[in-house]
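In: from the sequence below, what's the structure:
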Amino acid sequence: MTSAALPGPTPGDEHADSWEAFVHAVTQSQHGETASFTEWLRQEAGNVWKDVVCHPFTDELADATVDEAIMKRYLIQDHRFLDAFVVLLASMVAKAPCLEDRIPGCQFLALITGKENTYFERSFTALGVTTAERAETPNAPVTTAFACLMQNTAKSDSFAEMLAVLVVAEWSYLSWGERVVHRCPPAQPFWCKEWIDLHSGPGFQDVVAYLRRLLDIEGPQLSLKQRAACCDVFVQAVALEKGFFDMAMGLGA
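Out: Numbers count the residues shown, from 1 in each chain. Next up is the predicted model:
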């Protein structure tokens, strides 16, 4: 996917049906495994998931070879849907079944609105991005599409769909972050290194495990129609993640 060809909803019945086949295959294995709903969702995303995790943008970020113009474009656009992400995360926390399940979400919300937001502001300053440039740069189509997905999902009243978007956003970033974190050069600019650090390590692993646990519990309880809708949202979010990286690097039309 590229920023010029944004994903739309796809028929979901085949996704929902494949869950039963996935459960059967896992339970019939010789390893005593339990079928994970989030693993099934990742499988349904196909090769696009790998395209996100192994995207050239993440490699250039880790190697500190990413062009400053690309990083500026990425950060300006990424910061645009921070508000939509906060609303989505807060909506999920409100829908969580109990206080025990809300507390980790609240703690993550504090990180997003604190340390991560501060990273953006410091990076804009270091990269010479002015307030006027941030205000005058229009949204890329993929940015608008991703923000709309977050906003619509937050309003959907579907706990599973909220979690699906959040799991894609955080699990895909953990996956590429853990892939590249050990090869970062010592003299890497902070706006490369800190972005990788924010998306790797035990603390972020716990965030992703928390979100996946909630969806792994919720998913199998959904009806066929609800499961299909949840999978469609997940697959769409994965395609948007790839499209966002493509946009930052100027790939595609």
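In: can you tell me the element the nearest residue to Q151 once chain neighbours are set aside falls in?
Out: Leaving aside its chain neighbours, Q151 sits nearest to A84 (5.2 Å; criterion: C-beta to C-beta, 6 or more residues apart in numbering). Just so you know, the C-beta spots here come from the backbone N, C-alpha and C atoms, and that holds for glycine as well. Here A84, judged by DSSP states H and E, is contained in helix 82-95.
In: one step back: where's the residue nearest to Q151 relative to M71, distance?
Out: 22 Å (C-beta to C-beta, to the nearest Å).
In: F204 now?
Out: 20 Å.
In: again, but for T137
Out: As judged by C-beta to C-beta, T137 and M71 stand 14 Å apart.
In: cool, L82 as well?
Out: For L82, the distance to M71 equals 17 Å [C-beta to C-beta].
In: next, the buried residues of the helix holding A84.
Out: Neighbour counts using 16 or more other C-beta atoms under 10 Å place 84-93, 95 of helix 82-95 among the buried residues.
In: after it comes which helix or strand?
Out: Counting by DSSP H and E, the next helix or strand C-terminal to helix 82-95 is helix 99-111.
In: what packs against the helix or strand that that next one is followed by?
Out: Sequence order places helix 117-126 as the next helix or strand after helix 99-111, per DSSP H and E. Under the contact criterion of 3 or more C-beta pairs under 8 Å, 6 or more residues apart in numbering; DSSP states H and E, helix 117-126 touches helix 68-80, helix 190-198.
In: what's stretch 126-140 in contact with?
Out: 3, 68, 71-72, 75-77, 79-80, 123-124, 147, 189-191, 247 (C-beta atoms under 8 Å, 6 or more residues apart in numbering).
In: hmm, try it at 6 Å
Out: By C-beta atoms under 6 Å, 6 or more residues apart in numbering, the residues outside stretch 126-140 that reach it are 3, 68, 72, 76-77, 191, 247.
In: could you do stretch 158-177 as well?
Out: Contact partners of stretch 158-177, identified using C-beta under 6 Å, 6+ apart, comprise 38, 52-53, 58, 91-92, 95, 153, 196, 199-200, 204, 207-208, 211-212, 214-215, 218, 222, 230, 233-234, 237-238, 241.
In: list the buried residues in it.
Out: Neighbour count says stretch 158-177 has 158-177 buried, by 16+ other C-beta under 10 Å.
In: same question, stretch 234-252
Out: Result for stretch 234-252 [16+ other C-beta under 10 Å]: buried residues 234-249, 251.
In: gap between it and the chain center?
Out: Chain-centre distance of stretch 234-252: 11 Å, with C-alpha atoms, centre = their mean, to the nearest Å.
In: so what's the gap between stretch 34-49 and the chain middle?
Out: 14 Å.
In: so which elements touch the helix or strand where V235 lies?
Out: According to DSSP H and E, V235 maps onto helix 224-249. Helix 224-249 is packed against helix 13-27, helix 47-53, helix 56-63, helix 68-80, helix 141-154, helix 159-180, with contacts defined by 3 or more C-beta pairs under 6 Å, 6 or more residues apart in numbering; DSSP states H and E.
In: quick one: the helix or strand following the first one to helix 159-180, angle?
Out: Read that as helix 13-27. Remark: after helix 13-27, the chain's next helix or strand is helix 37-44, criterion DSSP H and E. For helix 37-44 against helix 159-180, the angle by axes from the mean of the first three to the mean of the last three C-alpha atoms, to 10 degrees is 70 degrees.
In: and helix 37-44, which residues are buried?
Out: Across helix 37-44, burial judged by 16+ other C-beta under 10 Å covers 37-38, 40-42, 44.
In: likewise stretch 200-218?
Out: Residues of stretch 200-218 classed as buried: 200, 204, 207-208, 210-212, 214-216, 218 (neighbour count, 16+ other C-beta under 10 Å).
In: which helix or which strand is home to T65?
Out: Using DSSP H and E, T65 falls outside every helix and strand.
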